[in-house]
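J.: Could you look at this predicted model? Sequence included:
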Amino acid sequence: MKSNNFLKNNFYFFLFTIYFLIGIFIVKDYGISVDEEFHRYSGFYWLNYILEFTSFDNLKLEVNNKLMNIGGHTLPNPKNFPFYGVTFDLPLAFLETVFNIDGSRDYFLLRHYLNFCIFFLSSVFFFFILKNRFENNHIILLGILLYLSSPRIFGDSFYNNKDIIFLSLVTINFYFFFKIIDNLNYKNLIFFSIFSALTCATRVIGIFIPFSFIFMFLISKNNTEKLLLFNTKILFIYIATFFIILIFFWPYLWSNPPANLITSLKIFSKYPAQFQMLFNGQYVDSRFLPLSYVPLWIIISIPITSLSLFLFGYYYLFKRFFKRLININQKNVFNDFWRGKKEKKDFLFFLNFSLIFFYVILSNTDLYNGWRHLYFLHVFIIYFACIGLFRLRLIFKKIKYFFLILLTLISFNFFDIIRFHPFQGSYFNHFVQAERKNYFEVDYWGLAGTKFLNEIIINEPNKNIIKIGVASYLPLERSLKMLDNKNSSIIEIVGQDYENADYIFNNDISEVNKNFNTKYKIPNNFQLINELFVNGFMLYQVYKKN
């Protein structure tokens, strides 16, 4: 009996420990993404900015030297384009400086380790969200497995220090949001306001969290004279703490907080860059995306089990709140949207997801490389999937092995993670038919570049210099930073100077329409010698000069 209780009480501890250890063990398997060099530079740029207000001269000198040696990043210089949040990049720049981490492979691995640790932490908070809402071990376990087993999210959790960090902070925010719904006290309010500010300082779209809190707070209270003073005090504390922390963690706001915050919102709603992206077999302009862009990407790139449960759960909530809306009691207008705290939490998720999802589609917000900018919706998708699980459990309660059937289906997600490793970010589900498998951008992060370079070095052991052309928008030279100095020194990236290249690398990523633009056309004197496929999707091709 004691043994059973021990296993029951410690099961999740063992589950998270195993997941964490596996993650730490495989971090080194991943390459470098194209934007990581920029974010490293951004961290040092703002660290240098902050040090200008101090007298740490030695630290200033070292940070300046780091800045001088970082180059070749794709995104604009932070001096001219200072709108990115630095809640992850700035502390990493500080750690790299203080601990004197000089090797490129070492400091990018540090970023990858911490990236994974933050996502892992968010999964623990999501566990408490599910425990708070459902109080059913079967749903909690299946929900956690769904959260951890989406291949794209899993893969990106090691190197995507923008979208996954933002997803993680949004998840943590909703944990504290639930705490406030259960018990509105000053301690919970302060923690929630701090994480709200950190989230917004990471990506400015995080402003939806304070707006949703204020809206939910106002419609949750009766405006009686007795409560008016309390309501005003609560809102003042939250808003004041939010802006103080936001400004503190986002140096760009220091000079002019209101104007700079508004500028950031405008910039990221209509990003100035223009790209041609391969989508469903056609090149589309990033400024004029079809309405199907986000829905189709979500449909084909998350596991079918997760997708089916999500749609069922969302439909159930939509139907419930629609009925509540058309049957609102005029004498008690607001509180009829939910009955009890659990339904209020459901409404919180439903409202935020619906507004964000349909706003992004209908406003034609600029997006790049699939739906990665909306990866923070992952926590909403899995929450709705758990609602779907809850309803299905009631419908099929007479089916003896219902839980085991769902557990088996979810286990296929982990099988796909293993099958795609270490390119889970290129995952597509079985909705993508064989003949359409390369109708979408696959390795837009350029992670396979490191694998390609290592193989070239192995195949040319006696060559002093190997010159490599690039028939892609990918800055392949960044992948050199994940090699040791000895190996990286024999590689020379010559870009589109194909005449001087020994090999040409192509991963089919282009900022121009390759049907009409010949910028990346492979010369006739190069022959295809190798291709890397993952589950039928082409990651890259290698051409060698005849």
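T.: It's in. Residues are numbered from 1 along each chain as shown.

J.: now that we're looking at Q424, which residues does it contact?
T.: The neighbours of Q424, taking Cβ atoms under 8 Å, 6 or more residues apart in numbering as the test, are P151, R152, F154, G155, D156, D416, I417. Every C-beta, even on glycine, is put in place using the N, C-alpha and C of the backbone.

J.: Widest-spaced pair of those?
T.: The span of the contacts of Q424, defined through Cβ to Cβ, is set by D156 and D416 at 14.5 Å.

J.: So if I had to pick from the two, which one is more boxed in?
T.: Neighbours per residue (other Cβ atoms under 10 Å) separate D156 from D416, with D156 holding more: 26 against 20.

J.: list the contacts for the more buried one?
T.: D163, I164, R372, Y375, Q424, G425.

J.: at 6 Å instead, please
T.: I164, G425 (Cβ atoms under 6 Å, 6 or more residues apart in numbering).

J.: ditto for F349
T.: Contacts of F349 (Cβ under 6 Å, 6+ apart): F380, Y383.

J.: going forward can the numbers begin at 665, since that is how I track them
T.: Sure, I'll start numbering at 665, so the last one becomes F1013.

J.: and it, how far is that from A937?
T.: According to Cβ to Cβ, to the nearest Å, F1013 stands 32 Å off from A937.

J.: Work out the gap between the particular helix or strand that has E1195 in it and the centre of the chain.
T.: Assessed by DSSP states H and E, E1195 sits inside strand 1190-1198. In terms of Cα atoms, centre = their mean, to the nearest Å, the centre of strand 1190-1198 is found 30 Å from the chain centre.

J.: Would you give the sheet partners of it, along with the direction of each?
T.: Applying DSSP bridges, strand 1190-1198 is found paired with strand 1201-1209 (antiparallel).

J.: Can you pull the poorly scored residue ranges out of the protein?
T.: 665-673, 885-892, 936, 992-1000, 1062-1063 (pLDDT under 70).

J.: Outline the domain layout of it.
T.: Domain ranges of the chain: 670-694+768-934+946-1059, 695-766, 1112-1209, per automatic domain parsing.

J.: Would you mind measuring from T738 to R951?
T.: 18 Å.

J.: show me where the stretch 815-964 of the chain has strands.
T.: 940-943, 946-949 (DSSP state E, counting those that start in this stretch).

J.: Distance to W1002 and mean neighbour count for those - can I get that in TSV?
T.: Formatted as TSV, the strands of the stretch 815-964 of the chain follow (distance: least, Cβ to Cβ, whole Å; neighbours: other Cβ atoms under 10 Å):
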stretch	distance to W1002	mean neighbour count
strand 940-943	38	20
strand 946-949	40	14
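
J.: Out of these, the one nearest D1166 is which?
T.: That would be strand 940-943 among the strands of the stretch 815-964 of the chain, by Cβ to Cβ, at 27.6 Å.

J.: count of residues packed around F907?
T.: Neighbour count of F907, defined by other Cβ under 10 Å: 18.

J.: what residues are up against it?
T.: Counting by Cβ under 6 Å, 6+ apart, F907 makes contact with nothing.

J.: could you redo the last one with a cut-off of 8 Å?
T.: Listed by Cβ under 8 Å, 6+ apart, the contact partners of F907 are A861, P921.

J.: The one 4 residues further on too?
T.: Under the criterion of Cβ under 8 Å, 6+ apart, the contact partners of I911 comprise L917, W918, P921.

J.: Filter the residues you listed down to just the ones in helices.
T.: The helices, defined by DSSP state H, take in P921 from those.

J.: how close does the nearest residue to V948 once chain neighbours are set aside get to L953?
T.: Leaving out its chain neighbours, the residue that sits closest to V948 by Cβ to Cβ, 6 or more residues apart in numbering is M941, at 5.7 Å. Plainly put, M941 is 9 Å away from L953 if you go by Cβ to Cβ.

J.: re earlier: so which bits of the strand holding E1195 are buried?
T.: Neighbour-count burial for strand 1190-1198, counted by 16 or more other Cβ atoms under 10 Å, picks out F1190, L1196, V1198.

J.: next one: stretch 680-687
T.: F680, Y683, F684, G687.

J.: Now that stretch - C-alpha only, PDB.
T.: The C-alpha coordinates for stretch 680-687 follow below in PDB (Å, rounded to 0.1, in the frame of the first residue of the first chain):
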ATOM      1  CA  PHE A 680       9.700  15.400 -15.500                       C
ATOM      2  CA  THR A 681      13.200  14.200 -14.400                       C
ATOM      3  CA  ILE A 682      13.400  11.600 -17.200                       C
ATOM      4  CA  TYR A 683      12.300  14.200 -19.700                       C
ATOM      5  CA  PHE A 684      14.800  16.800 -18.400                       C
ATOM      6  CA  LEU A 685      17.700  14.400 -18.500                       C
ATOM      7  CA  ILE A 686      16.900  13.300 -22.000                       C
ATOM      8  CA  GLY A 687      16.800  16.900 -23.100                       C
END
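
J.: got the contact list for it?
T.: Contacts of stretch 680-687 (Cβ under 8 Å, 6+ apart): F780, F784, S787, V788, F791, L812, S821, F822.

J.: list the contacts for the third one?
T.: Okay, so that is S787. S787 is in contact with F680, Y683, I808, Y811, L812, T835, counting by Cβ under 8 Å, 6+ apart.

J.: what does the last one give?
T.: By Cβ under 8 Å, 6+ apart, the contact list for F822 reads G687, I690, V691, Y694, H776, N779, F780.

J.: which among those residues end up buried?
T.: Neighbour counting over the contacts of F822 (16+ other Cβ under 10 Å) leaves G687, V691, Y694, H776, N779, F780 as the buried ones.

J.: Check which helix or strand the last one maps to.
T.: With elements taken from DSSP H and E, the one containing F780 is helix 768-797.
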